[in-house]
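Colleague: Any chance you could fold what I've pasted below:
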Amino acid sequence: MIMFPIMGTMLALGPELIHVVFTDRWMPGLNSFYCYCMSPIAIGISMPLYSTILSLGRSSILLMMSGSLIIFEWTLGVVFVILWGFSGVAMTQLVIVPLFTCVYKIILLKNGIQINIIKNIFPQFIISSVTVAFIIYLKGLLLVNLTTICLLTAISLMLHAGLCLVFEKKSLIELIDYLIKSIKR
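Modeller: Numbers count the residues shown, from 1 in each chain. All right, here's what the predicted structure looks like:
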């Protein structure tokens, strides 16, 4: 619930962030920026699956997959760099994370555990998509500088929280309770 609004905001404001923070010289890295913004969301989706496999005592499978991940990522990275330049390194995540997530799901299914990923992320995906579309529209009306990027970020996070309050109130309350308990520790 935290990753979707943050990554959505970064996706919506990607060109502006690069322009203001890093200068236009780094604009060719925009595709890499987008790929790397998607990675935390994908990892956030696959990590509970990984943890569940670990809790089943299947660490040997995960160890084998980690080794194959290194080989696969480096091989794919070289091919993608040859095809798409330095953005190719970032693009490997778009292949590897979904692939490993599917493998994790298959392992869990073979162990009698069924997880419906789409059902769990769909509301956050829709809320984030609406928020991103609104921020993209809004930024077209403004002169972009560091102040407006900060303002648009605040608007994005507040809009996302507001939509969650309306459509995902239970999940939002669970998150707030969890955060409060974590802070008190």
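Colleague: Please make it C-alpha for all contacts and neighbour counts, starting now.
Modeller: Noted.
Colleague: where does the chain have low pLDDT?
Modeller: For the chain, residues meeting the criterion pLDDT under 70 lie at 1.
Colleague: Identify the residue spatially nearest to the residue nearest the centre of it, adjacent ones excluded.
Modeller: Relative to the mean C-alpha position of the chain, the nearest C-alpha, by CA atoms, centre = their mean, is the one of I41, at 2.0 Å. What sits nearest to I41 in space, not counting adjacent residues and going by CA to CA, 6 or more residues apart in numbering, is M3, at 6.0 Å.
Colleague: OK, contacts around that neighbour?
Modeller: Contacts of M3 were listed using CA atoms under 8 Å, 6 or more residues apart in numbering, and they are P40, I41, G44.
Colleague: G8 now?
Modeller: If you count contacts by CA under 8 Å, 6+ apart, G8 has them with S128, S129, T131, V132.
Colleague: gap between it and L142?
Modeller: Here the distance between G8 and L142 works out to 19 Å (CA to CA, to the nearest Å).
Colleague: repeat for R58
Modeller: Counting by CA to CA, the gap from R58 to L142 is 52 Å.
Colleague: Repeat that for Y50.
Modeller: Between Y50 and L142 the computed distance is 43 Å (CA to CA).
Colleague: How many neighbouring residues does T92 have?
Modeller: As a burial measure, T92 scores 23 neighbours (other CA atoms under 10 Å).
Colleague: Just give the closest residue to I117, not the sequence neighbours.
Modeller: I45 (7.5 Å).
Colleague: That neighbour: neighbouring residues, count only.
Modeller: The number of residues packed near I45 is 18, by other CA under 10 Å.
Colleague: what packs against the helix or strand it falls within?
Modeller: Per DSSP states H and E: I45 is located in helix 30-55. In this structure, helix 30-55 makes packing contacts with helix 3-12, helix 14-17, helix 59-84, helix 87-110, judged by 3 or more CA pairs under 8 Å, 6 or more residues apart in numbering; DSSP states H and E.
Colleague: and it, which residues are buried?
Modeller: Residues of helix 30-55 classed as buried by neighbour count (16 or more other CA atoms under 10 Å): 30-43, 45-46, 49-50, 53.
Colleague: and what of stretch 131-151?
Modeller: For stretch 131-151, a neighbour-count test (16+ other CA under 10 Å) marks T131, V132, F134, I135, I136, K139, V144, I149 as buried.
Colleague: which of the residues you listed sit farthest apart?
Modeller: The most widely separated members of the buried residues of stretch 131-151 are T131 and V144, with 18.1 Å between them, by CA to CA.
Colleague: Done for today, thanks.
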